[in-house]
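fold the following.
(one chain, ligands or ions: 1)
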Amino acid sequence: MDSVSLSEVTVIRETTHLGFMHSFRQPFCGVKISPKFYLSKVDGPKAISSSSNTKSQFVYGGGSIAATSDSGYKMNGVNLKSRTLMSSAVKERSLLDAYDDEYGGVIVDHGKLPSNPYAFASMLRASLSDWRRKGKKGVWLKLPVEQSELVPIAIKEGFEYHHAEKGYVMLTYWIPKEEPSMLPANASHQVGVGGFVLNQHKEVLVVQEKYCAPSITGLWKLPTGFINESEEIFSGAVREVKEETGVDTEFSEVIAFRHAHNVAFEKSDLFFICMLRPLSDKIIIDALEIKAAKWMPLAEFVEQPMIRGDKMFKRVIEICEARLSHRYCGLSPHRLVSTFDGKPSSLYYNVVDDDHDPSHSNCSTEFYR
Ligand SMILES: NC(=O)C1=CN([C@@H]2O[C@H](COP(=O)(O)OP(=O)(O)OC[C@H]3O[C@@H](n4cnc5c(N)ncnc54)[C@H](O)[C@@H]3O)[C@@H](O)[C@H]2O)C=CC1
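From the prediction side, this is the model:
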């Protein structure tokens, strides 16, 4: 049998049934290979039978590859109808690198994906067969933006979009046909914060947004914004107020939160209204986002028709006033690590009375120190 290195193996015909691959660059062009296959000099597939010109079989990595008489090929029992696909497949390992998750599923190692789309297609199909045979359930496939050409291949194989970030798209596949998918859905909420900053003159820090719905144009409102990834509510509120108005603040309490649905990108919205103590009073607005900002007498703020007629903001202000006169107590953050996940986190609660250390009580302390 003739012998060539796999790196020398090339094909002249693109007969793949995977039409969506036609636009991909052909890494190996020009040399014809026959369905008989060739042995690699190094690290190639090992021939395990070669009794006829139309049926040869090789073992490569964990899987086996066989030529079939209709000039198609099989890998791990799966028909691969293209010589192109085959040449790429034998060049790479036959199964994707993956590790088990704790729910009986597998997570594909996205750092070890093959660079060749044809190899990816055959390895993905072979891997699915392998995982199915082993009784695996959910499959998580993260495709980095640099390998976005693999996305349509996985979708054609039955994968679904789960979520996307700037650097990748996450796809999933639920293997058991007889069981409903147990894979958790994409994150369902966004988290917003609003800062209620009141100074000792009973003036509240308010802004006018540069871009807003026509119905609230001209409204003086509390500074609001979204929490960043891995950001705390207490520090996010302070950051948002600083960004929009230039005023430094200290977090006091979450005084209320609102839960609403279908707010942006069809996601639900958790809006935490935070009481903050001002540490400075000079206003420097973020001109990209904010049209104007100022300290406004609380009574004037409340008298704005949009605020007076709004059940949420009207109640928020009532709650803040109740807090100032100790008729209400908000939630303050307490840092802790739970053994359930071992992660540092913030538990928000109020301490009404702490006999051992009265300074712990966030309910009896004066808002202004
Ligand atoms: N703005 C308000 O009057 C109210 C806000 N909230 C809550 O406040 C939190 C934050 O909401 P908002 O401050 O309204 O956020 P927002 O929708 O104003 O977005 C924050 C910032 O992101 C940018 N942005 C958003 N969408 C954009 C787009 N399509 N193109 C370009 N830039 C864009 C803008 O710079 C904007 O100032 C949410 O939880 C919300 O429920 C609650 C009640 C009223």
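
hey, let's count contacts and neighbours off CA atoms from now on
Will do.

how about the residues of the stretch 201-350 of the chain by the ligand?
224-226, 269-271, 289 (Cα under 6 Å from any ligand atom).

any chance of those in CSV, with neighbour count, secondary structure and pLDDT too?
Shown next, in CSV, are these (neighbours: other Cα atoms under 10 Å; DSSP: H, G, I helix; E, B strand; the rest coil; pLDDT from 0 to 100):
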residue, neighbour count, secondary structure, pLDDT
T224, 21, strand, 97
G225, 19, strand, 97
F226, 19, strand, 97
D269, 19, strand, 98
L270, 18, strand, 98
F271, 20, strand, 98
E289, 13, coil, 94
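
closest to V254 out of those residues?
Checking these against V254 by Cα to Cα gives F271 as the nearest, at 10.3 Å.

contacts only, for the closest one.
191-194, 257-259 (Cα atoms under 8 Å, 6 or more residues apart in numbering).

one more: S252?
S252 neighbours (Cα under 8 Å, 6+ apart): 274-277, 332, 367.

inside strands: which ones of those residues?
If you go by DSSP state E, those have 274-277, 332 in strands.

which residues are in contact with the residue of the stretch 151-300 of the chain found nearest the ligand?
Nearest residue of the stretch 151-300 of the chain to the ligand, counting by Cα to the nearest ligand atom: G192, 3.3 Å away. With contact set as Cα under 8 Å, 6+ apart, G192 has these partners: 224-227, 269-272.

before we move on, the earlier item: max pairwise distance over the residues of the stretch 201-350 of the chain next to the ligand: which two?
Applying Cα to Cα across these, the maximum distance is between L270 and E289, 21.4 Å.

let me see the ranges of the strands in the stretch 251-369 of the chain.
267-278, 290-297, 332-337, 344-349 (DSSP state E, counting those that start in this stretch).

what are the buried residues along the lengthiest helix in the chain?
With secondary structure taken from DSSP state H, the chain has its longest helix at helix 117-133. Within helix 117-133, the residues scored as buried using 16 or more other Cα atoms under 10 Å are 117-129, 131.

pretty sure L113 is touching S94, no?
No: counting by Cα atoms under 8 Å, S94 is not a contact partner of L113; they are 11.5 Å apart.

those two: which has the busier surroundings?
Taking neighbours as other Cα atoms under 10 Å, L113 and S94 compare with S94 leading, 25 against 22.

what stretches of the stretch 51-200 of the chain score poorly on pLDDT?
51-93 (pLDDT under 70).

for it, what lies in contact range of the ligand?
So far as Cα under 6 Å from any ligand atom goes, the stretch 51-200 of the chain lies against the ligand at 191-194.

PyMOL command to pick out the buried ones of the residues you listed?
The PyMOL command for the buried members of those (criterion: 16+ other Cα under 10 Å) is given here:
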select buried, resi 191+192+193+194
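
JSON lines please, covering the ones in strands among the contacts of S252 and showing neighbour count and pLDDT.
JSON lines is the format used below for the ones in strands among the contacts of S252 (neighbours: other Cα atoms under 10 Å; pLDDT from 0 to 100):
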{"residue": "C274", "neighbour count": "27", "pLDDT": "98"}
{"residue": "M275", "neighbour count": "27", "pLDDT": "96"}
{"residue": "L276", "neighbour count": "24", "pLDDT": "97"}
{"residue": "R277", "neighbour count": "22", "pLDDT": "96"}
{"residue": "S332", "neighbour count": "21", "pLDDT": "94"}
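
max pairwise distance over those: which two?
R277 and S332 (13.3 Å).

could you give the bridge partners of the closest residue in space to G218 that isn't next to it in sequence?
Nearest residue to G218, sequence neighbours excluded (Cα to Cα, 6 or more residues apart in numbering): Q208, at 6.3 Å. Beta bridges link Q208 to A292, judged by DSSP bridges.

start at 14, not 1
OK, 14 is where the count begins now, so the last one is Q221.

might one say that Q221 is in contact with E257?
No: with contact defined as Cα under 8 Å, Q221 does not count as touching E257 (10.0 Å).

outline the domain layout of this structure.
19-104, 111-187, 202-346 (automatic domain parsing).

distance to L196 for those - can I get that in CSV?
Below are the domains of the chain laid out as CSV (distance: least, Cα to Cα, whole Å):
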stretch, distance to L196
domain 19-104, 27
domain 111-187, 7
domain 202-346, 17
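
now do the contacts for F380.
265, 290, 337.

now swap in K215 and tell me
310-311.

from K149, how far off is it?
As judged by Cα to Cα, to the nearest Å, K215 and K149 stand 62 Å apart.

what about the helices in this protein?
Going by DSSP H, the chain shows helices at 96-104, 130-146, 164-169, 246-258, 311-316, 318-321, 324-337.
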